[in-house]
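K.L.:
kindly generate the corresponding structure for this input.
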Amino acid sequence: MKVLYNGKIITLDKDRPYIENGAIAIDDGVIFDVGTTQQITSKYKDAELYDLENRYVIPGFINTHMHLYSTFARGFGFGGASPYSFKEILEQIWWKLDKLLISEEEIYYSALMPAIEGLKSGTTTIIDHHASFGLIDGSLDIVENALRDVGIRGVLAFETSDRWGKELSEQSIRENERYIKKEKDRDFFNALFGLHASFTLSDETLERVSSIANSLNVGFHIHVAEGIEDVESALKVSNKRTVERLKDFGILKKDTLAIHCININDVEIDILNETHTTVIHNPESNMNNGVGVAPILEMDRKGILIGLGTDGYTPSMIESVKVAYILPKLHYKDPRVGSDLARRMLFENNASVANRFFNKIVGVIKEGAYADLVVLDYNPPTPLNEDNFFFHLIFGIRENSVRDVFVHGRLLVKDQKLTHIDEIEVSRKSQEIAKNFWRRF
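P.N.:
Model prediction:
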C-alpha cells in the first residue's frame, strides 16, 4: 500500500469535495481510503509514504475526443496548400495524411508522443478516434501498445469511411469489429465503433455497421455536422439533415459519442436528446477549421450530456477548457454564459462518459476509484477551495503547474519528467520517422 499525505485534495466528490490536509491510501491501482493526513497515516502505518508537500491534488483529466494519429502534421507546411473550406482541409491535409500512415512505427510514435504530452499536462484517459488507411489491420493494437507504454487508459475506435473505396471501407469495419471483440484489460482499454462522418458513409455502410454494433452491444464514435458539407450531403442523399439521417440507421443512442454537432437545428437537438446521445465539444479545433460554434448552451438546456475533447488540436485538457470557458461569452456576446457548463464538461461530464468503459470509475478521488491523480505545483495569490478551484484553473493554473502524475497508483511523472520513458530519445526517434513520412507527403 502507498499513502500520499500532506496534500490539499480537490476530490470532485460531492460528498466530500475538499480536504485541507488530506491523504490518499492506494492499493493495487485503486484508491483504498481518503481522509485527513492524521487519519490515513495512523491507519496504515506500514504503507509506503509519499509527501505531497502541501500541494493541491486533483483527479486526472479525461480527453473524450482525440486524434492521436494526427501528430506528424505538426510543423509541416503541406506544400503550400491553402484550403479555404472544411472539405478541402480534409482532402488536402487529413485524408492525405491518414492514407500515408503505412507502418507500425509511424502509427506507434504518432500515438506515443501526444500521449506523453497529454500525460505531462495531467491527462490520464483518452478516447481516441484513429485513422490509418495505409495500414488498417491491427492498427488499434498498435495505438493500444503506445498508450500502454505511456501508462494511460484508452477507448479506441477506427474511423470507418467509404472515401477510399469499398475494400478499405470493409477493412475499417473489420478492424473495429476485431478490436471490439478482442479480450482487453478493462482496467485500461475498451472500444467504440468508429465512423468518420455521414457524408463519407453510404446507406449500405451505415446499415451494416448499425447491425454489427447492435450485435456487439457497442456505441459509435462519429463526427456529426462538423462542417456544412455534412449537412448538404445528408440532404442530397436522404432529403434529411445529418442527425435525422443517422437516427434512421440507429447510429444515435446512449453509448454513442456525437462529435462536434455544430451545424444542427432545434429538431436535431431534440433528436440527440431523445436518443440519449452524448455530444463532445471541441472548441479549439472548430475555431481553427472555421466551421462554426456548436450550440452548446441550447443542447445543455435540453439536458444533453456534453463532454469536452481536443480533436487532435492539442493534447492538453487545461488548454481546451480555457477556450471552452471563453468562447460562449464571445459567441453569445454575454459574459455571464458558459462558465458552469465548461466546469461540468471537464469535471463531471467527461467522467460520466469515461465511466461507461472501465471496471472502476475515473475522474474523482474517492474510495473505489482508480488512483489517477495530478499533483499541482501552484501557489495561488488568493484563497483556493472547492468552490473556486475551477476559476483558479481557468485564470491561474497552466500546464507547467502539473508537477507529478499518478496513473493506477504508479508515479509516471515526477517533477515534470517521465519516470519510465526517455523523452529525449522518444522525441529523437519520432522526428526521424516524421522526416521520412514528410518525404512521402
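
K.L.:
secondary structure element for the residue minimising distance to the centre of the chain?
P.N.:
With distances taken as Cα atoms, centre = their mean, Asn63 lies nearest the centre of the chain, 2.4 Å away. Assessed by DSSP states H and E, Asn63 sits inside strand 61-66.

K.L.:
buried residues of that strand, list them for me.
P.N.:
61-66 (16 or more other Cβ atoms under 10 Å). Backbone N, C-alpha and C define where each C-beta goes, glycine included.

K.L.:
make JSON lines out of these and add pLDDT.
P.N.:
Listed next are the buried residues of strand 61-66 as JSON lines, based on pLDDT from 0 to 100:
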{"residue": "Phe61", "pLDDT": "98"}
{"residue": "Ile62", "pLDDT": "98"}
{"residue": "Asn63", "pLDDT": "98"}
{"residue": "Thr64", "pLDDT": "98"}
{"residue": "His65", "pLDDT": "98"}
{"residue": "Met66", "pLDDT": "98"}
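
K.L.:
farthest pair in the residues you listed?
P.N.:
Farthest-apart pair in these is Phe61 and His65; separation 13.2 Å (Cβ to Cβ).

K.L.:
ok, which stretches of the stretch 101-250 of the chain are helices?
P.N.:
104-120, 139-150, 166-181, 203-216, 228-238, 242-248 (DSSP state H, counting those that start in this stretch).

K.L.:
quick one: His223 from Asp300, how far?
P.N.:
20 Å (Cβ to Cβ, to the nearest Å).

K.L.:
higher neighbour count, the two?
P.N.:
Regarding His223 and Asp300, a neighbour count based on other Cβ atoms under 10 Å identifies His223 as having more, with 27 against 20.

K.L.:
tell me the pLDDT at that one?
P.N.:
As predicted, His223 sits at a pLDDT of 98.

K.L.:
please name the nearest non-neighbouring residue to it.
P.N.:
Sequence neighbours aside, Ala197 is the residue nearest to His223 in space, at 4.1 Å (criterion: Cβ to Cβ, 6 or more residues apart in numbering).

K.L.:
contacting residues for that neighbour?
P.N.:
161, 222-224, 226, 230 (Cβ atoms under 8 Å, 6 or more residues apart in numbering).

K.L.:
show me where the stretch 251-400 of the chain has its helices.
P.N.:
Going by DSSP H, counting those that start in this stretch, the stretch 251-400 of the chain shows helices at 266-274, 283-289, 296-302, 317-331, 339-344, 350-354, 389-395.

K.L.:
buried deepest among those helices, which one?
P.N.:
Highest mean neighbour count of these: helix 350-354, a mean of 23 (counted as mean count of other Cβ atoms under 10 Å).

K.L.:
what's that one in contact with?
P.N.:
Under Cβ under 8 Å, 6+ apart, the answer for helix 350-354 is 12, 59, 61-64, 125, 127, 153, 155, 257, 278, 280, 305, 307-308, 361-364.

K.L.:
out of the residues you listed, which sit inside strands?
P.N.:
59, 61-64, 125, 127, 153, 155, 257, 278, 280, 307-308 (DSSP state E).

K.L.:
out of these, which are buried?
P.N.:
Buried, going by 16+ other Cβ under 10 Å: 59, 61-64, 125, 127, 153, 155, 257, 278, 280, 307-308, out of the ones in strands among the contacts of helix 350-354.

K.L.:
between those residues, which is closest to Asp137?
P.N.:
Val155 (20.0 Å).

K.L.:
got the contact list for the closest residue to that closest one other than its chain neighbours?
P.N.:
Counting by Cβ to Cβ, 6+ apart, Val155 lies nearest to Ile127, which is 4.4 Å off, once chain neighbours are set aside. Going by Cβ under 8 Å, 6+ apart, Ile127 touches 62-66, 154-155, 192, 221, 257, 309, 353-354.

K.L.:
now the residue nearest to His223: how far from Ala234?
P.N.:
Taking Cβ to Cβ, one finds Ala197 at 10 Å from Ala234.

K.L.:
Ile107 contacts Glu144, doesn't it?
P.N.:
No. The pair Ile107 / Glu144 is not scored as a contact, 10.7 Å apart, by Cβ atoms under 8 Å.

K.L.:
more crowded one of the two?
P.N.:
Just comparing Ile107 and Glu144: by other Cβ under 10 Å the higher neighbour count belongs to Ile107, 25 against 22.

K.L.:
what is the burial count for Thr419?
P.N.:
Neighbours around Thr419, by other Cβ under 10 Å: 13.

K.L.:
check what pLDDT it gets.
P.N.:
So, for Thr419, pLDDT stands at 98.

K.L.:
quick one: contacts for it?
P.N.:
Taking Cβ under 8 Å, 6+ apart as the test, what Thr419 contacts is 411-413.

K.L.:
any chance of those residues in CSV with neighbour count, distance to Phe395 and secondary structure as columns?
P.N.:
Shown next, in CSV, are the contacts of Thr419 (neighbours: other Cβ atoms under 10 Å; distance: Cβ to Cβ, whole Å; DSSP: H, G, I helix; E, B strand; the rest coil):
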residue, neighbour count, distance to Phe395, secondary structure
Leu411, 17, 29, strand
Leu412, 21, 28, strand
Val413, 23, 24, strand
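
K.L.:
quick check, nearest of these to Gly165?
P.N.:
Leu412 (41.3 Å).

K.L.:
and the closest one, how far is that from Ile107?
P.N.:
Counting by Cβ to Cβ, the separation of Leu412 from Ile107 is 22 Å.

K.L.:
quick one: find the helix or strand in this protein with the lowest mean pLDDT.
P.N.:
helix 86-89 (a mean of 88; mean pLDDT, DSSP states H and E).

K.L.:
beyond that helix, next helix or strand please.
P.N.:
Using DSSP H and E, the first helix or strand after helix 86-89 is helix 95-100.

K.L.:
buried residues in that next one?
P.N.:
95-98, 100.

K.L.:
so can I have CSV of these showing pLDDT?
P.N.:
Compiled in CSV, the buried residues of helix 95-100 are given as follows (pLDDT from 0 to 100):
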residue, pLDDT
Trp95, 90
Lys96, 91
Leu97, 92
Asp98, 93
Leu100, 94
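
K.L.:
of these, closest to Asn265?
P.N.:
Trp95 (27.6 Å).

K.L.:
gap between stretch 362-377 and the chain center?
P.N.:
Distance of stretch 362-377 from the chain centroid (Cα atoms, centre = their mean, to the nearest Å) equals 17 Å.

K.L.:
mind saving the C-alpha coords of it as PDB?
P.N.:
Coordinates of each C-alpha in stretch 362-377 appear next as PDB, following Å, rounded to 0.1, in the frame of the first residue of the first chain:
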ATOM      1  CA  VAL A 362     -12.200   7.700 -13.000                       C
ATOM      2  CA  GLY A 363     -12.400  11.400 -12.600                       C
ATOM      3  CA  VAL A 364     -12.900  11.500  -8.800                       C
ATOM      4  CA  ILE A 365     -10.800  11.000  -5.700                       C
ATOM      5  CA  LYS A 366     -12.900   8.600  -3.500                       C
ATOM      6  CA  GLU A 367     -12.700   5.100  -2.200                       C
ATOM      7  CA  GLY A 368     -13.000   2.500  -5.100                       C
ATOM      8  CA  ALA A 369     -11.900   4.900  -7.900                       C
ATOM      9  CA  TYR A 370      -8.800   4.400  -9.900                       C
ATOM     10  CA  ALA A 371      -5.800   6.200  -8.400                       C
ATOM     11  CA  ASP A 372      -5.300   8.600 -11.300                       C
ATOM     12  CA  LEU A 373      -4.000  11.700  -9.700                       C
ATOM     13  CA  VAL A 374      -2.400  15.000 -10.700                       C
ATOM     14  CA  VAL A 375      -0.300  17.000  -8.200                       C
ATOM     15  CA  LEU A 376      -0.200  20.700  -8.900                       C
ATOM     16  CA  ASP A 377       2.700  23.000  -8.100                       C
END
